[in-house]
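> Sequence first, then the predicted structure:
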Amino acid sequence: MTTKLPPLVLHLLAALGCLVLLVLLTLVTDPFTNLRIATVGYYLIAVAGLALLTGFNGQVSLGHGAFMFIGAYTVALLVKRVPAFPIWADLLLAVLAGGLAGLLAGAAAARLHGPYLAGATLALAVGLPAVTQRFPDLFAGSNGLSFTVNSQPAGLVGVVPPTRWQSWIVWLSVLLALVVLANLARGRLGRTLRAVRDDEVAASLAGVHVGRTKILAFLVSSACGGLAGGLQAFLLGTAAPGSFTPALSLSLLAALVLGGLGSLWGALWGAIALVYFQVWTDDFAELLSLRSDIADNLPLALYGVVLIVTVLAFPAGIQGGVRKLWVRVRRPAPSQRGES
Amino acid sequence: MTTFVNLTLGGLSSGAVYAALGLSLVIIYRATRVVNFAQPALALISSYLAYSVTKGTGSYWLGFVAAIVAGTLLGVVVERLIIRPLRHAGELSAIIATLGLLLLLQAVAGMIWSNEPHAFAYAFDFRGRFSPSDLFAVLAVVVAATGVLLLFKFTPLGLRLRATAFNPEVAKLVGVRVGAMLTVGWGLAAGVGSLAGLLATPPFIFPTVLDEVFVYALTAAVLGGLDNPLGTIVGGLVLGIGLSYVSGLLGAELVPLAALAILVAVLAVRPSGLFGRATARRV
């Protein structure tokens, strides 16, 4: 690199490149794969948000599914009640709703740490979806809301298959959000987040407002969760409490740990793993014609094993391995450079 | 007035269960500074074993005993295989590893016994206000908790356990086998947790049946300060009664959120719980 571009321009260019690649990828793959690619997209932004909170800031959230729940229901209710809104406005409001919930959660959580915080967020993940049963008129109980979104411009109907169009929308939103996240992570906020994670007292002595930083991390992170949930609702055309179990929140954490804490790249590996573990276990179960009891539980068992094995044996996750390889490639064996 | 009395009595028996499960968390937290997020899954597996044994032999009590023994052994195995290797890793590692175990054991339970609910028997007649089953739950928890407190206070084993929790290095210097004590602590805790699971599971058993109860138990333990057994028992009973009112007056669906609200409110005022001692954190 000879000239150094500002990070924002660099990130925008990278996002544009990714978008072009993804559009090309969806053009050569079938609708099923398009759907999977889109699914990777919304998991990616959910896990990336969690990476900012847990990886960069050290706050454990076992309740990120709850913010996805809020985003999904925001989109579902807006599509049903205010059909005049375009989908991008619905998604933007899902981000805002998620962020607002995160602001509240963060304000409550700023004084908690470690197991206390984990317990409180777990309570959120267990408790929030039950609200749909309490107010069945608004949220349609455990069946959830289903709806159709007409987001395709008239000129493209019939030209671009719907799942392909949907995956473009998902990835456009995800990449925009990732640009924001990457900029925040590389800038001042990223540094203060890490400072607070590593030593709260030292950070506050250096002039960092610890409580405010923690709340901000929660806000950004849950706004990402809201977007992920909104995109999921947009993609599937439903929002039902059964999709937002505590197991979802724990799977997001599993994806983050597997991918590697402390890096947004880790979120990508984690999101791919989330989607393809499901696909592989389904194929595997079909191949061995396993009972549905076993097949249905296989992905969760795999996430559990992944969490345990990663923590015990590879604490740096996939991205840790990738980074090691990268260093080795960029700096070939020391002996060639005449170092001893 | 009768509703009020009914809700209070109902809350007392569920509160006893939260207290017992909370106690199992506290025993482990005191010893290893780990909150065992896998506790509901350990209790779940022992409840399923009780279900199978009871179904096979027709005796509730055989299943009961089998569950407590199996739960204790599970706790020992988990400490040896997963927690021991992580003793020098950070706080986050232990949380993540126990969560992984939670996912794994719930999935395994679903594989063996299916995700569909099965009927799970009460120990005694469960009909009516403060039924024999409710009485049994309260008594069983009182006996178990008293046993644990007496064990800690008055036996040589309890003294070693307390020494290990207080300062592992010093305990080692005076000849306590710290590793063995941690294993005993996990076994003891998982045994108490299995008892709580058996009391909390009926009328139906399915892999996520104990999730909500675990949230309440954790709330009870936090109310008690996470390292105070007596505080946890009081916290569990108070929480059980409070949540019973919420359930009766506002709707059962809001109970988990009410628990969250109580948790946040208490921690906002007293960050180390109602009965916890404030500790200076070393910087």
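Cool, got the structure. Numbers count the residues shown, from 1 in each chain, chains lettered A, B, ... in the order given.
> does B:A165 really touch B:I27, like I thought?
No. Using C-beta atoms under 8 Å, B:A165 is not in contact with B:I27; the gap is 9.0 Å. All C-beta atoms are positioned from the backbone trio N, CA, C, and that covers glycine.
> what do those two both touch?
Here B:A165 and B:I27 share the contacting residues B:G185, scored by C-beta atoms under 8 Å, 6 or more residues apart in numbering or on different chains.
> neighbour count winner among these two?
More crowded of B:A165 and B:I27, by other C-beta atoms under 10 Å in any protein chain shown: B:I27, with 28 against 21.
> is it fair to say the more buried one lies in a helix?
Yes. Under DSSP: H, G, I helix; E, B strand; the rest coil, B:I27 sits within a helix.
> what's the closest non-adjacent residue to it?
Once flanking residues are discounted, B:I27 sits nearest to B:A189: 4.0 Å by C-beta to C-beta, 6 or more residues apart in numbering or on different chains.
> check contacts around that neighbour.
Neighbour list for B:A189: B:23-25, B:27-28, B:36, B:39, B:75 [criterion: C-beta under 8 Å, 6+ apart].
> Check which element follows the helix or strand hosting A:L117 along the chain.
Using DSSP states H and E, A:L117 sits in helix A:114-127. Downstream of helix A:114-127, the next assigned helix or strand under DSSP H and E is helix A:131-134.
> For the chain, just list every one of the strands.
Since you didn't name a chain, this refers to chain A. Secondary structure of chain A (DSSP state E): strands at A:145-146, A:238-239.
> look at chain B instead
For chain B, the strands defined by DSSP E cover B:118-119, B:204-205.
> Up against chain B, what does the stretch 151-300 of chain A have?
Listed as neighbours of chain B in the stretch 151-300 of chain A under the rule C-beta under 8 Å from any C-beta of the partner chain: A:199, A:201-202, A:245-247, A:250-251, A:253-254, A:257, A:261, A:293-294, A:296-298, A:300.
> 6 Å instead?
A:201, A:246, A:250, A:257, A:293-294, A:297, A:300 (C-beta under 6 Å from any C-beta of the partner chain).
> Weed out the non-buried ones from those residues.
Listed as buried from those are A:246, A:250, A:257, A:294, A:297, A:300; burial here means 16 or more other C-beta atoms under 10 Å in any protein chain shown.
> Using TSV, please lay out these together with pLDDT and distance to B:I205.
As requested, these are exported to TSV (pLDDT from 0 to 100; distance: C-beta to C-beta, whole Å):
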residue	pLDDT	distance to B:I205
A:P246	88	18
A:L250	89	21
A:V257	90	30
A:I294	88	18
A:N297	90	15
A:L300	89	18
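> could I get those residues as TSV with distance to B:S131?
Below are these laid out as TSV (distance: C-beta to C-beta, whole Å):
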residue	distance to B:S131
A:P246	30
A:L250	35
A:V257	44
A:I294	38
A:N297	34
A:L300	35
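> Which of these lies at the shortest distance from A:V210?
Taking C-beta to C-beta as the measure, A:V210 sits nearest to A:V257 out of those, at 24.7 Å.
> Please report the distance of the residue in the stretch 151-283 of chain B that chain A sits nearest to from A:R36.
Residue nearest to chain A within the stretch 151-283 of chain B: B:P256 (3.1 Å; C-beta to the nearest C-beta). Distance, B:P256 to A:R36, by C-beta to C-beta, to the nearest Å: 33 Å.
> what residue ranges in the chain score low on pLDDT?
No chain specified, so I'll use chain A. Counting by pLDDT under 70, the ranges of chain A that qualify are A:1-3, A:332-340.
> you looked at the wrong chain, it should be chain B
In chain B, residues with pLDDT under 70: B:1, B:276-283.
> Please, where are all the helices along it?
For chain B, applying DSSP state H gives helices covering B:2-32, B:39-57, B:60-78, B:91-113, B:132-154, B:156-166, B:168-173, B:178-200, B:211-223, B:229-250, B:255-269.
> The second one: which residues count as buried?
Neighbour-count burial for helix B:39-57, with 16+ other C-beta under 10 Å as criterion, is recorded at B:39-51, B:53-54.
> Looking at those residues, which is nearest chain A?
Using C-beta to the nearest C-beta, the buried residues of helix B:39-57 come closest to chain A at B:A41, 9.1 Å.
> show me the contacts for A:L235.
A:38, A:166 (C-beta atoms under 6 Å, 6 or more residues apart in numbering or on different chains).
> How much space separates it from A:Y43?
To A:Y43, A:L235 is 11 Å away according to C-beta to C-beta.
> what do you get for A:R197?
Separation of A:R197 from A:Y43 (C-beta to C-beta): 24 Å.
> of those two, who's got more company?
A:Y43 (26 against 19).
> which residue sits closest to that one, ignoring its sequence neighbours?
A:A271 (3.9 Å).
> what about that neighbour, neighbour count?
For A:A271, using other C-beta under 10 Å, the count is 26.
> ditto for A:V306
22.
> Equivalent analysis for B:V76, please.
Per other C-beta under 10 Å, the neighbour tally for B:V76 reads 19.
> was I right about it contacting B:L182?
No. Applying C-beta atoms under 6 Å as the test, B:V76 and B:L182 come out as separate, 10.0 Å apart.
> Return the residues of the stretch 51-200 of chain B in contact with chain A.
Counting by C-beta under 6 Å from any C-beta, the stretch 51-200 of chain B comes close to chain A at B:85, B:91, B:93, B:95-97, B:99-100, B:103-104, B:107, B:110-111, B:114.
> coming back round to it: which two of the residues of the stretch 151-300 of chain A next to chain B have the greatest separation?
A:V201 and A:D293 (50.6 Å).
> give me every residue that touches A:G266.
A:259-260, A:317, A:319.
> 7 Å instead, please
A:G266 makes contacts with A:51, A:256, A:259-260, A:317-319, as judged by C-beta atoms under 7 Å, 6 or more residues apart in numbering or on different chains.
> Just give the number of residues close to A:L178.
Neighbours of A:L178 (other C-beta under 10 Å): 25.
> Now B:V53. Nearest residue, chain neighbours left out?
Per C-beta to C-beta, 6+ apart, closest to B:V53 is B:G63, 4.0 Å.
> Look at that neighbour and say how many residues are nearby.
24.
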